[in-house]
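Undergrad: let's see this in three dimensions:
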Amino acid sequence: MIKNISVLGSTGSIGTQTLDVADKLGLNVCALAASANIDLLEQQVRKYKPELAVVFDEEKAEIFRDNIKDTDTQILCGMDGLIAAAVIDGAELVLNSVVGMVGLKPTIAAANAKKNIALANKETLVAGGKLVMDAVKENNVKLLPVDSEHSAIFQCLQGMPDKKMLKKLILTASGGPFFGKTKDELKDVTIKQALSHPNWSMGAKITVDSASMMNKGLEIIEAKWLFDMPSENIDVVIHRESIIHSMIEYNDNSVIAQLGLPDMRIPIQYAITYPDRYESPVDELNLSQIGKLTFFEPDYNTFKCLSACKKALSMGGVATAVANGANEETNMLFRNGKISFLDIGELVTGAVDSLENYEPKTVEDVLNADFWARQYVKDRVN
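TA: Got it, this is the predicted structure:
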């Protein structure tokens with residue numbers, strides 16, 4: 001098992017749970033990186049005494065530097081800081097749980113520095129999948145999924161003797177807080193309602209993504225890159241209980257599933273300890289207490305983000321980066337009270353439909369597509 005880890009996004013939901021797992025496994029934390037939560041980051045620095053701590057927000061970084069000047073931890077900021085944390089010498093594994101496109105450059109930098117990567121930043125693969133996978137293959141490093149759905153598929157695939165036997169990936173979705181709602185019922189939903197997820201405790205951005213089903217659309221795209229599967233062989237099923245985290249179907253139509261309580265520490269720990277398994281900090285699953293497991297078809301007409309992501313994936317090029325960029329912008333606008341909930345799906349769909357597509361050759365090509373998508377949303381809203 002590894003001994004040293006770097007955690008990008010350490011103050012978020014995944015980051016704090018990663019540090020819980022690190023405590024249980026007795027890991028050394030070489031580097032910590034956060035966006036702007038300097039109070040929690042200070043607590044983490046004083047506890048773990050990392051060589052490097054990064055505050056992405058430059059103004060907050062100056063305050064933070066003064067707050068912990070009595071420590072030996074080096075402080076950096078911005079994208080250069082994130083990349084430094086991703087390539088730090090001592091780390092054997094970089095866990096990337098930052099939110100959004102900001103995670104793309106550090107992921108590629110970590111691969112090029114020959115670091116194994118535990119990836120919870122799905123936008124990295126959604127926007128720059130080919131560039132990331134090329135870097136991973138060229139440097140012969142592991143890219144280990146942390147998302148519960150992709151970890152579930154990864155775990156199910158461990159027993160597969162030959163890729164030719166694999167027929168289908170089946171991603172489960174909780175359906176979020178608005179499962180079963182019609183468009184009329186969703187016209188006036190509030191931010192508070194969108195943030196009330198029935199099963200998972202997550203950050204605000206991903207919780208809204210779950211409510212709009214964008215999160216599942218992003219996961220379809222991510223699964224295509226992680227497991228080298230065409231989009232037509234990736235299905236989604238609504239599973240309200242969030243006990244089955246995803247499934248695979250073999251060519252003989254047998255289906256293998258991974259089950260567990262809805263607690264991210266299971267996939268986090270498996271990514272860290274792979275291929276070994278250790279005692280988990282998560283409670284044991286008791287199916288008799290759960291009682292029943294239910295399944296439903298997704299509503300692609302009401303939750304347009306899901307359809308937009310599938311279309312973007314079929315288009316190829318920078319279409320998935322555009323879908324992701326438009327969503328990041330609309331998600332933020334909704335959380336800031338600037339647009340309605342249904343506007344998210346309309347604007348993401350509009351951005352994908354309006355794109356003059358092209359094949360990205362560099363990270364800058366991806367970033368340009370992301371910028372175009374955000375500008376499209378701003379222009380439409382204004």
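Undergrad: helices along the stretch 1-150 of the chain, start to end?
TA: 13-25, 38-48, 58-67, 78-87, 104-112, 122-138, 148-156 (DSSP state H, counting those that start in this stretch).
Undergrad: turn these into JSON lines, columns for distance to residue 196.
TA: Just so you know, the C-beta spots here come from the backbone N, C-alpha and C atoms, and that holds for glycine as well. Below are the helices of the stretch 1-150 of the chain laid out as JSON lines (distance: least, C-beta to C-beta, whole Å):
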{"stretch": "helix 13-25", "distance to residue 196": "15"}
{"stretch": "helix 38-48", "distance to residue 196": "23"}
{"stretch": "helix 58-67", "distance to residue 196": "29"}
{"stretch": "helix 78-87", "distance to residue 196": "31"}
{"stretch": "helix 104-112", "distance to residue 196": "30"}
{"stretch": "helix 122-138", "distance to residue 196": "22"}
{"stretch": "helix 148-156", "distance to residue 196": "19"}
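Undergrad: what about this protein, any weak spots by pLDDT?
TA: Applying pLDDT under 70 to the chain flags the ranges 201.
Undergrad: the lengthiest helix in it packs against which elements?
TA: Longest helix of the chain, by residue count under DSSP state H: helix 363-381. Applying 3 or more C-beta pairs under 8 Å, 6 or more residues apart in numbering; DSSP states H and E, we find helix 363-381 packed against helix 104-112, helix 122-138, helix 319-335, helix 341-354.
Undergrad: list the buried ones in the second one?
TA: Residues of helix 122-138 classed as buried: 122-129, 131-133, 135-136 (neighbour count, 16 or more other C-beta atoms under 10 Å).
Undergrad: how about the shortest one?
TA: For helix 104-112, the buried set under the neighbour-count rule, 16+ other C-beta under 10 Å, comprises 104-111.
Undergrad: of these, which is the nearest to residue 178?
TA: Of all the buried residues of helix 104-112, residue 178 sits closest to residue 104, with 29.4 Å by C-beta to C-beta.
Undergrad: check the offset of the longest helix of the chain from the chain's centre.
TA: 20 Å (C-alpha atoms, centre = their mean, to the nearest Å).
Undergrad: list the buried residues for it?
TA: Neighbour counts using 16+ other C-beta under 10 Å place 365-367, 369-370, 372-374, 376-377, 380 of helix 363-381 among the buried residues.
Undergrad: how far off helix 104-112 does that helix point, in degrees?
TA: Helix 363-381 and helix 104-112 are oriented at 160 degrees to each other (axes from the mean of the first three to the mean of the last three C-alpha atoms, to 10 degrees).
Undergrad: tell me which of the helices of the stretch 1-150 of the chain lies nearest to residue 250.
TA: Among the helices of the stretch 1-150 of the chain, the nearest to residue 250 by C-beta to C-beta is helix 148-156 (9.9 Å).
Undergrad: that closest one: what's the following helix or strand?
TA: Note on helix 148-156: by DSSP states H and E, the next helix or strand toward the C-terminus is strand 166-173.
Undergrad: ok now stretch 174-193, how far from the chain's centre?
TA: Relative to its chain's centre, stretch 174-193 lies at 22 Å (C-alpha atoms, centre = their mean).
Undergrad: buried stuff in it?
TA: For stretch 174-193, burial by neighbour count (16+ other C-beta under 10 Å) applies to 174-179, 181, 186, 189.
Undergrad: again with stretch 243-259
TA: Buried residues in stretch 243-259, counting neighbours by 16+ other C-beta under 10 Å, are found at 243-249, 256-258.
Undergrad: just give me how far that stretch sits from the chain centre.
TA: Computed by C-alpha atoms, centre = their mean, the chain-centroid distance of stretch 243-259 equals 21 Å.
Undergrad: outside of that stretch, which residues touch it?
TA: 148-153, 155-157, 159-160, 164-172, 260-262, 267, 285, 287, 290, 293 (C-beta atoms under 8 Å, 6 or more residues apart in numbering).
Undergrad: between the two ends of that stretch, how far is it?
TA: With C-alpha to C-alpha, to the nearest Å applied, stretch 243-259 spans 5 Å between its terminal residues.
Undergrad: phi and psi next, for residue 264.
TA: phi -70, psi -10 (degrees, to the nearest 10).
Undergrad: help me confirm that it comes into contact with residue 145.
TA: No. If you go by C-beta atoms under 8 Å, residue 264 and residue 145 don't touch, sitting 11.9 Å apart.
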